[in-house]
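Chemist: Let me see the structure of the following:
(chains A, B and C)
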Amino acid sequence: MLLIDLARTSTAVAADSARLTKIGHLAELLGRVGPDEAEIAIAYLSGELPQRHIGVGWAGLQDPPDPRLAATATLRQVDDLLDRIKAQAGPGSQAARRSLVTELFGALTRQEQTFMMRLLRSELRQGALDGVMIEAIAKASTVPTAEVRRALTLRGWLPAVGAAALSGGVEALRAFHLEVGRPVSPMLAQSATSVAAALGKLGGPAAIEWKLDGVRVQAHRSGDTVSVFTRTLDDITARVPELVEAVRALPSQDLVLDGEVIALRPDGRPEPFQITSGRVSSRVDVAQVRAKTPLRVFFFDALRVDGADLLELPGEARHAALAAAVPPELVTPRLVTDDVASGEAFFADVIRAGHEGVVVKSLQTPYAAGRRGAGWIKVKPRHTLDLVVLAAEWGSGRREGRLSNLHLGARDPRTGGFVMLGKTFKGLTDELLAWQTQRFLELAEGPTDGWVVALPPVLVVEIAFDGVQQSSRYPGGMALRFARVIRYRPDKTADQADTVDMVRSLML
DNA sequence: TTCCGACAGTGGGGTCGCAAT
DNA sequence: ATTGCGACCCCACTATCGGAA
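Modeler: Below you'll find the model as predicted:
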């Protein structure tokens, strides 16, 4: 199949906002693709690459060569070239990559170039990714959607699942099963603003667990072989030897466990996320960083114990299996209750202990891998500050032509100026985007660089955030974590905005 | 007819490791 | 040694479609 077929389908998918129409276009194409190119087609049209990553990003895609007029590139040819790009390593690899990228784009028409550019930048913008592709695969292979989802849960990679469905139907999908050593898409949580709200959503007794501010891990054990995977299914076994040892020391020889690793201080309080993240990211001299920053693991779910797949079991049964397989010091602390007051008290204790929050979990729901299932609801405390808008950046995609990303500053009483603490684009409605674009342009002073519009510090905006972290990027040495807009504060002037000292007092 | 679950899109800060300068 | 870049950790929120209620 030719790349132009995919590019045309992508254009058609993007052209109509109706999901059923998108599914129709995608299914039509999947009906035409040969078995040897099905994985490539599914990957590209759901916004990913069979190679996952090829070491080329935004900077490596500048200045493509002139497009060709005739479309001749096949999926197989493009895939081979991406393989070669990914394979480059060592001195001279950047130049080699650049030259191969030029070769690739030089073989494409304008429409194909646009498609490839978006794909490689992870900005497909056709209103269809995995979720829509799942439906298209089901339609093209006349298989129930639930069967595709089930297989994806267990295999973790849609192109492989889709190719199987297209060539072998339901039978081929049924052949996918939980395999020790191959990661499962982890179950995700929804959010609520309070424990009471979370309990209300679930109705009835629920488990309230510590939410640790660390890195999600999925540990697999088969005999002496232990593998550890992240939320995105990357293998980090070599970086977390303490976890490998802990799992190997368990009596059970056959395990798949879900949990979190985190660096704790000697007094048991958590290190800032930056410390845990840095430790888990380190690949060189692991023994050395381990001695300095040991990791602890806390498991909260069991997907397999001693030959039994537990995914379909209710949460409480899975937890019972976990508690039987793992000693209590490796299990995430929890409270099972339907009493709002004791739940809120538990939450307050967790926050006092320095942790991120809690996850309220249904006792009934199965492990809904890869989806933000309604069975898990996270609750975190929310801080707010009144900050001053210092500048704004032009948005892209559906925010093109709108001033979107706000630069936020706190008042510095010593200088009378403002200290930037970070940016945010979150929490803005279309209406607010339109309003602020107009208002900012009225206020803007002086020329802009076409990207950032500087503003006089007069507008006050209420910002929610999860915490203050150390920063080497911003002049105050601190930045807000997960900042989002709550509302503008027209009732406040800039000299009533919160101060850097107040922000600094939150950084502990 | 209204409600709501799921999805896609739009980006945020920080860290590490590698290649280039 | 320092800088630029890609990849990955953590992530919040709104708009939209279409099935559920």
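
Chemist: which residue packs closest to the residue of chain A found nearest DNA strand C, ignoring adjacent ones?
Modeler: Relative to DNA strand C, the nearest point of chain A is A:Gly57 (2.8 Å; CB to the nearest atom of the strand). C-beta here means a position set from N, CA and C on the backbone, and glycine is covered the same way. For A:Gly57, ignoring the flanking residues on the chain, the nearest one in space by CB to CB, 6 or more residues apart in numbering is A:Arg121 at 7.3 Å.

Chemist: dump the residue contacts of that neighbour.
Modeler: By CB atoms under 8 Å, 6 or more residues apart in numbering, the contact set of A:Arg121 is A:Gly57, A:Trp58, A:Leu61.

Chemist: One more: A:Glu445?
Modeler: If you count contacts by CB under 8 Å, 6+ apart, A:Glu445 has them with A:Ala454, A:Leu455, A:Pro456.

Chemist: what do you get for A:Val461?
Modeler: A:Val461 neighbours (CB under 8 Å, 6+ apart): A:Asp386, A:Leu387, A:Val388, A:Val389, A:Leu406, A:Leu408, A:Val485, A:Ile486, A:Arg487, A:Tyr488, A:Arg489.

Chemist: By neighbours, which of those wins?
Modeler: Counting neighbours by other CB atoms under 10 Å, A:Leu387 comes out on top of the contacts of A:Val461 with 32 neighbours.

Chemist: Neighbouring strands - and their directions - for the strand or helix carrying it?
Modeler: Here A:Leu387, judged by DSSP states H and E, is contained in strand A:383-394. Strand A:383-394 has the following strand partners under DSSP bridges: strand A:403-412 (antiparallel), strand A:452-454 (antiparallel), strand A:460-465 (antiparallel).

Chemist: The stretch 401-508 of chain A: helices as residue ranges?
Modeler: All helices of the stretch 401-508 of chain A, identified by DSSP state H, counting those that start in this stretch, fall at A:430-443, A:500-505.

Chemist: For A:Asp83, grab the count of nearby residues.
Modeler: 12.

Chemist: What number of residues are in the vicinity of the closest residue in space to it that isn't next to it in sequence?
Modeler: Among residues not flanking A:Asp83 along the chain, A:Gln51 sits closest, at 6.5 Å (CB to CB, 6+ apart). Counted with other CB under 10 Å, residues neighbouring A:Gln51 total 14.

Chemist: Over to the residue in the stretch 101-250 of chain A that DNA strand B sits nearest to. Which of the three states is it?
Modeler: Residue nearest to DNA strand B within the stretch 101-250 of chain A (CB to the nearest atom of the strand): A:Gly131, separated by 2.4 Å. Following DSSP: H, G, I helix; E, B strand; the rest coil, A:Gly131 is assigned to helix.

Chemist: ranking the contacts of A:Glu445 by neighbours, who comes first?
Modeler: Result: A:Leu455 is most packed of these (other CB under 10 Å), 21 neighbours.

Chemist: A:Gly259 contacts A:Ala302, correct?
Modeler: No. Counting by CB atoms under 8 Å, A:Gly259 does not reach A:Ala302; the two are 9.6 Å apart.

Chemist: Spit out the contact partners of the closest residue to DNA strand B within the stretch 201-350 of chain A.
Modeler: For the stretch 201-350 of chain A, the residue closest to DNA strand B is A:Gly278, as judged by CB to the nearest atom of the strand, at 2.9 Å. Counting by CB under 8 Å, 6+ apart, A:Gly278 touches A:Thr293.

Chemist: SS state for it?
Modeler: helix.

Chemist: State whether A:Ala325 and A:Leu255 are indeed in contact, as I suppose.
Modeler: Yes. Counting by CB under 8 Å, A:Ala325 sits close enough to A:Leu255 to count as a contact (6.5 Å).

Chemist: Overlap in contacts, these two.
Modeler: Contacts common to A:Ala325 and A:Leu255, judged by CB under 8 Å, 6+ apart, are A:Ala302, A:Val305, A:Asp306.

Chemist: Out of the residues you listed, list just those in strands.
Modeler: Secondary structure from DSSP state E places A:Ala302, A:Val305 of the shared contacts of A:Ala325 and A:Leu255 in strands.

Chemist: For PyMOL, write the select line for the buried members of the shared contacts of A:Ala325 and A:Leu255.
Modeler: Per 16 or more other CB atoms under 10 Å, the buried members of the shared contacts of A:Ala325 and A:Leu255 correspond to this PyMOL selection:
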select buried, chain A and resi 302+305
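
Chemist: Test for you: state the pLDDT assigned to the residue nearest to A:Gly57.
Modeler: We have a pLDDT of 93 for A:Arg121.

Chemist: Provide the backbone phi and psi angles at it.
Modeler: Torsion angles at A:Arg121 (phi, psi; degrees, to the nearest 10) stand at phi -90, psi 0.

Chemist: how much space between it and A:Leu82?
Modeler: Distance, A:Arg121 to A:Leu82, using CB to CB, to the nearest Å: 14 Å.

Chemist: Quick check: chain neighbours aside, which residue is closest to A:Leu428?
Modeler: Here the residue nearest A:Leu428, using CB to CB, 6+ apart, is A:Val485, at 5.6 Å.

Chemist: ok, what's across the strand from the one you found?
Modeler: The residues that A:Val485 bridges to, once DSSP bridges is applied, are A:Ile463.

Chemist: List the contacts of it.
Modeler: Per CB under 8 Å, 6+ apart, neighbours of A:Val485: A:Leu406, A:Thr424, A:Lys426, A:Gly427, A:Leu428, A:Leu432, A:Val461, A:Glu462, A:Ile463, A:Ala464.
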